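**Q** Next comes the sequence, and after it the predicted model I'd like to discuss.
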Amino acid sequence: MDDEPLDEWAARRDAHRPAPGARRAVPLGEGPARGDHVDPAATRGMLEWDGHQWVPSGVAEDHAAALKETGPQDAAECVRLPPSSALPPAPEPWRPAEEWWRP
């Protein structure tokens, strides 16, 4: 197996990391973290990326206040897609080879 050079690995890792100073909000309610739409009135903890980890930076009263601090976060914009030429062709729809009738 070929080893990847360290500088290429570090560049690939850094491309997936947020920029230092990036902020996000997480709900502080009971249970596991869920989508913002589930409980928009829940208190949010503000986290800031320091270049190595997410550290607490404050508290927002609700989802609207958290958006003022972090800005809208569209998950679709965060996903990096391969170049369009690298996508496989669309598959043909499946059709049965012959018709089959239940008696």
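**A** Looks like it came in fine. Quantities reported herein were computed from a predicted structural model and do not represent experimental measurements.
**Q** Could you pull out the buried residues of stretch 11-29?
**A** Ala22, Arg23, Arg24, Ala25, Pro27 (16 or more other Cβ atoms under 10 Å). The way it works is simple: take the backbone N, C-alpha and C, and place the C-beta from them, glycine included.
**Q** can you list the weak-confidence ranges in the protein?
**A** For the chain, the stretches with pLDDT under 70 are 1, 72-88, 96.
**Q** Longest helix of it, counting residues only.
**A** helix 6-16 (DSSP state H).
**Q** next helix or strand past that helix?
**A** Sequence order places strand 23-27 as the next helix or strand after helix 6-16, per DSSP states H and E.
**Q** returning to what we had before: mind giving me a markdown table with the buried residues of stretch 11-29 and columns for distance to Ala41?
**A** Shown next, in a markdown table, are the buried residues of stretch 11-29 (distance: Cβ to Cβ, whole Å):
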| residue | distance to Ala41 |
| --- | --- |
| Ala22 | 25 |
| Arg23 | 20 |
| Arg24 | 19 |
| Ala25 | 13 |
| Pro27 | 10 |
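**Q** Which members of those are the farthest-apart pair?
**A** Ala22 and Pro27 (18.3 Å; Cβ to Cβ).
**Q** Which residues are in contact with the nearest residue to Asp50 once chain neighbours are set aside?
**A** Counting by Cβ to Cβ, 6 or more residues apart in numbering, Pro20 is the residue found nearest to Asp50 once chain neighbours are left out, at 6.3 Å. Applying Cβ atoms under 8 Å, 6 or more residues apart in numbering to Pro20 gives the contacts Trp49, Asp50, Gly51.
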